[in-house]
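Visitor: fold the following and give me the result.
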Amino acid sequence: MAKDLQPGDPVRVREDYPPGHIRTPVFIRGKRGVVTQVFGAFENPEITAYELTGPKKMLYAVRFRQVDIWPDYTGPTQDTVDIDIYEHWLEKAEGRAS
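Guide: Numbering: from 1, shown residues only. Here you go, the predicted structure:
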């Protein structure tokens, strides 16, 4: 789990497939991106969906290159997609982000 991330930090999305109300899209798991925005701490929707409470989690906007997500993507290599992801799905990545 990554905490205290800042815009520009390279990250990798945890590749995991737990059951339940999961807010991280399957197609982005295991992919590498870069943090673009820090939204702050919020209730974790993966547990509040079951009317449970727990510690707040940091929420980040992470940018991914579309060619890194979809191998058959034929658009411009600079095309990106931004996805909001909670801290427990992120780990710091080595090196520079794409």
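Visitor: so where's the longest strand in the protein?
Guide: strand 32-42 (DSSP state E).
Visitor: for that strand, which helices and strands make contact with it?
Guide: strand 10-13, strand 57-65, strand 80-86 (3 or more CB pairs under 8 Å, 6 or more residues apart in numbering; DSSP states H and E). Placement of C-beta: from N, CA and C, glycine included.
Visitor: if we go to 10 Å?
Guide: strand 10-13, strand 57-65, helix 66-69, strand 80-86, strand 90-92 (3 or more CB pairs under 10 Å, 6 or more residues apart in numbering; DSSP states H and E).
Visitor: report the buried residues of the fourth one.
Guide: This means strand 80-86. For strand 80-86, a neighbour-count test (16 or more other CB atoms under 10 Å) marks 80, 83, 85-86 as buried.
Visitor: save these as CSV, and put in pLDDT too.
Guide: As requested, these are exported to CSV (pLDDT from 0 to 100):
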residue, pLDDT
80, 97
83, 97
85, 96
86, 95
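Visitor: would JSON lines of these with distance to residue 37 be doable?
Guide: As requested, these are arranged in JSON lines below (distance: CB to CB, whole Å):
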{"residue": "80", "distance to residue 37": "13"}
{"residue": "83", "distance to residue 37": "11"}
{"residue": "85", "distance to residue 37": "11"}
{"residue": "86", "distance to residue 37": "13"}
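Visitor: closest one of those residues to residue 95?
Guide: residue 80 (18.1 Å; CB to CB).
Visitor: I figured the closest one hits residue 61, correct?
Guide: No. Contact criterion CB atoms under 10 Å: residue 80 and residue 61 do not qualify, at 11.1 Å.
Visitor: next, show the common contact partners of these two.
Guide: Common neighbours of residue 80 and residue 61, using CB atoms under 10 Å, 6 or more residues apart in numbering, are 33-34, 36.
Visitor: switch the helices and strands packed on strand 32-42 over to CSV; also include distance to residue 41.
Guide: Listed next are the helices and strands packed on strand 32-42 as CSV, based on distance: least, CB to CB, whole Å:
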stretch, distance to residue 41
strand 10-13, 17
strand 57-65, 5
helix 66-69, 27
strand 80-86, 10
strand 90-92, 14
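Visitor: to residue 48, which of these lies closest?
Guide: Distance to residue 48, taken as CB to CB, is lowest for strand 57-65 among these, at 10.7 Å.
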